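**Q** coordinates only, sequence not included:
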């Protein structure tokens with residue numbers, strides 16, 4: 001994975017979904033695909049596996065699954081743990097476009 005600082009230091013909003021495969025009910029890839037498709041190039045959507053990136057998850061104090069974060073210009077703009085539907089995530093990201 002790219003360095004986290006390089007990943008978040010972008011002008012367009014970035015939605016990060018911290019997830020783990022052990023919680024399949026909360027790990028709905030279709031929601032992220034819908035968000036990415038709706039916003040196209042105006043935002044970026046990525047998933048980060050908590051188990052494979054444990055040091056990063058600890059550093060960011062990710063305690064729940066899923067945890068969503070929105071970054072823009074290297075700064076965290078929004079964060080919430082728990083399920084979110086695609087429409088809610090799209091609305092949130094549009095605030096930062």
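**A** Sure thing, it's come through. In this text, all values refer to a predicted model and were calculated from it rather than measured experimentally. Residues are numbered from 1 along each chain as shown.
**Q** my read: residue 14 touches residue 7, true?
**A** Yes - contact status for residue 14 versus residue 7: in contact at 7.2 Å, counting by C-beta atoms under 8 Å. (Each C-beta comes from the backbone N, C-alpha and C, glycine too.)
**Q** More neighbours: which of these two?
**A** Summary of the neighbour comparison: residue 14 and residue 7, criterion other C-beta atoms under 10 Å, with residue 14 having more neighbours (23 against 16).
**Q** hey, what's that one bridged with?
**A** Note on residue 14: beta-bridge partners residue 44, residue 71, judged by DSSP bridges.
**Q** which stretches of the chain have low pLDDT?
**A** Scanning the chain with the threshold set as pLDDT under 70 gives 1-2, 22-27.
**Q** What ranges does it have for its strands?
**A** Counting by DSSP state E, one finds strands in the chain at the ranges 14-19, 44-49, 67-72, 75-81.
**Q** Redo these as a markdown table? Include distance to residue 89.
**A** Below are the strands of the chain laid out as a markdown table (distance: least, C-beta to C-beta, whole Å):
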| stretch | distance to residue 89 |
| --- | --- |
| strand 14-19 | 6 |
| strand 44-49 | 8 |
| strand 67-72 | 7 |
| strand 75-81 | 10 |
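**Q** So which of the ones you listed is the most surrounded?
**A** Of these, the one with the most neighbours on average (mean count of other C-beta atoms under 10 Å) is strand 14-19, at a mean of 23.
**Q** Can you tell me the centre-most residue of the protein?
**A** Centroid-nearest residue in the chain: residue 16, 1.5 Å away (criterion: C-alpha atoms, centre = their mean).
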